[in-house]
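> test case, fold it:
(one chain, ligands or ions: 1)
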Amino acid sequence: MPRKTVIIGGGAAGLGSAGGVKAVDPSAEVVVYTQFEDVAYSPCGIPYVHGGEIPDFERLFLAGKQAYVDAGIDVHYETEVTAIDTAARTVTVAGEGTVPYDSLIIATGFDYADPGVPGGELGGLYYVKNIRRAMAWDKVIGDTERAVVVEAGPLGLEMVTALAHRGVETHLIDPNPYPLAMMADPDIMAPVVDSWLELGVHLHFNTDLKAFVGDGRGQLRAVATSDGEIPAELAVVATHKRPNVALAAAAGLRTGSTGGLVVDERMATSAPQVWAAGDACEIPHGLTRTPLQGLTGSHAYAQGKAAGANAGGGDRCYRAVFVPWGTPAGKWVIGGASFGEATALALGVPYVLGVAETSSPARYYPGRKRFRIKLLAEPGSLRLIGGQMVGGGEGIKERADFLAQAIRFGLTLPELAEMDTVYAPEIGALDEPIAAAAADGVGAARKAG
Ligand SMILES: Cc1cc2nc3c(=O)[nH]c(=O)nc-3n(C[C@H](O)[C@H](O)[C@H](O)COP(=O)(O)OP(=O)(O)OC[C@H]3O[C@@H](n4cnc5c(N)ncnc54)[C@H](O)[C@@H]3O)c2cc1C
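Residues are numbered from 1 along each chain as shown. Got it, this is the predicted structure:
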């Protein structure tokens, strides 16, 4: 009899898991349950279709349903798992009854945090996630004059730019003094703020959401804030991500301080033969061991691969994370790894700072844009502990990935200052920004004695 793995969730983590199981045991029976109509589409592309940069939603589908049938992965669409019994090793599935498993993977993902204010039931509140809903909402955006984006997190950033590109009068409200304040530094975000102002975006920082205000017919008329009412027909609710773990918690699985499921290095949960992956779990930060929840789709997919391999009888580790991140924002691209100054200060982590203000591509190449990079290192050892960048886009993702690896492997500022680099005018300046910032940090450490 083939071993049967049941996977709850058809997002990046769930499908990564399905592939992970099949990679180690091609004969395994793999059943995936998802509440959605589709799998294998990129939710990450949705804001760019709304913004008009990607011409249609069809391009976001990465594989057809037949591809999963051909791969021996049995996906049950629009099917909800309603209970887990870890002692009996069964799940209860709406419309299917009790389904046994040999191993179970929980990849139930995230929900946007409940804004917790009156008016949450009104029409006109858009939680960006499901592609079918996004297709319908895209038509609404086409008819929208004024919109409010609630919270300047990663999705809020993308939706602000998208709505502005669509010609909608766009307001952003956020309780912090600048956008992406939970992870980015204010000087990294300053050019982004300027570019939104150029795009005509109305920015309301240090501003709390108070209520969604209806028009008497069940539709949004305005968003009430600590700074007054903003008339709007559409509110994009981009509150922070919360782990969707009600099902797992009801089954007695252990959750941690973030609310996410606690897993070990093999993505095993507190119950035997039950693994978890993606935004439903929490993963420790590689330097501080602080649990992190709500990472990204690429983290979810990689965790799914590990969970699936182990659920299928293999042995694969998913280690603590050094959190490379990056995103377009306004006319800029921002990114980094581990933490920046704001987070280091909040955590009380001491650091030496190296900064470089350069350009990319080469300074004489048409279309060059400024490039600001900051590196943080541990005083004394000068081991890299974090970095952040803002620039025109070239190489930000690759540098963020590289910095995360540099932190993982303990590279120091002197080593980075002397790194071998590529110089090609169109794609990079002679003075590699990482090396320049590292050299600056070495100088700063020397001065500080
Ligand atoms: C608009 C948008 C933009 C994004 N942009 C990026 C980006 O640029 N880069 C990046 O790396 N990531 C991006 N992400 C990814 C995102 O932030 C998450 O990290 C990622 O979706 C997590 O994947 P997941 O599989 O853990 O969970 P989810 O994607 O939340 O999937 C959860 C799955 O579980 C299913 N499910 C839940 N409960 C049940 C149940 N009881 N029964 C059956 N099925 C259930 C759902 O139907 C769904 O299939 C974006 C996401 C969105 C929505």
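> regarding residue 376, what is its secondary structure?
When the structure is split into helix, strand and coil by DSSP: H, G, I helix; E, B strand; the rest coil, residue 376 lands in strand.
> wait, it sits on residue 352?
Yes: under the criterion of CB atoms under 8 Å, residue 376 lies in contact with residue 352, with a separation of 7.2 Å. Where C-beta positions appear, they are placed from N, C-alpha and C, glycine not excepted.
> the more surrounded of the two?
Set side by side, residue 376 and residue 352 show more neighbours around residue 376, with 27 against 21, by other CB atoms under 10 Å.
> mind checking how far that one is from residue 445?
12 Å (CB to CB, to the nearest Å).
> any chance you could list what contacts stretch 211-218?
115, 117-125, 220-224, 229, 235 (CB atoms under 8 Å, 6 or more residues apart in numbering).
> interface residues of the chain facing the ligand?
Within the chain, the positions adjacent to the ligand are 8-14, 33-36, 43-44, 46-47, 80-81, 107-110, 128-129, 155, 244, 247, 278-279, 296-298, 300 by CB under 6 Å from any ligand atom.
> ok, and the closest non-adjacent residue to residue 74?
Residue nearest to residue 74 in three dimensions, not counting chain neighbours: residue 31, with 4.8 Å by CB to CB, 6 or more residues apart in numbering.
> show me where the stretch 1-150 of the chain has its helices.
Shown for the stretch 1-150 of the chain, the helices assigned by DSSP state H, counting those that start in this stretch span residues 12-24, 46-50, 65-70, 131-142.
> return the most buried member of those.
Burial among these, expressed as mean neighbours by mean count of other CB atoms under 10 Å, is greatest for helix 12-24, which shows a mean of 26.
> pretty sure residue 395 contacts residue 427?
Yes: between residue 395 and residue 427 there is a contact under CB under 8 Å: 7.3 Å.
> between the two, who's got more neighbours?
The neighbour count for residue 395 versus residue 427, taken as other CB under 10 Å, is higher for residue 395 (22 against 13).
> look up how far the ligand lies from that one.
Between residue 395 and the ligand the distance is 17 Å, computed by CB to the nearest ligand atom, to the nearest Å.
> now that residue. Its backbone dihedrals?
As for residue 395, its main-chain torsions (degrees, to the nearest 10) stand at phi 80, psi 0.
> quick check: the gap between it and residue 402.
Separation of residue 395 from residue 402 (CB to CB) stands at 9 Å.
> swap in residue 257?
In this structure, residue 257 lies at 30 Å from residue 402, with CB to CB as the measure.
> more crowded one of these two?
Counted by other CB under 10 Å, residue 257 and residue 402 do not tie: residue 402 has more neighbours, with 18 against 10.
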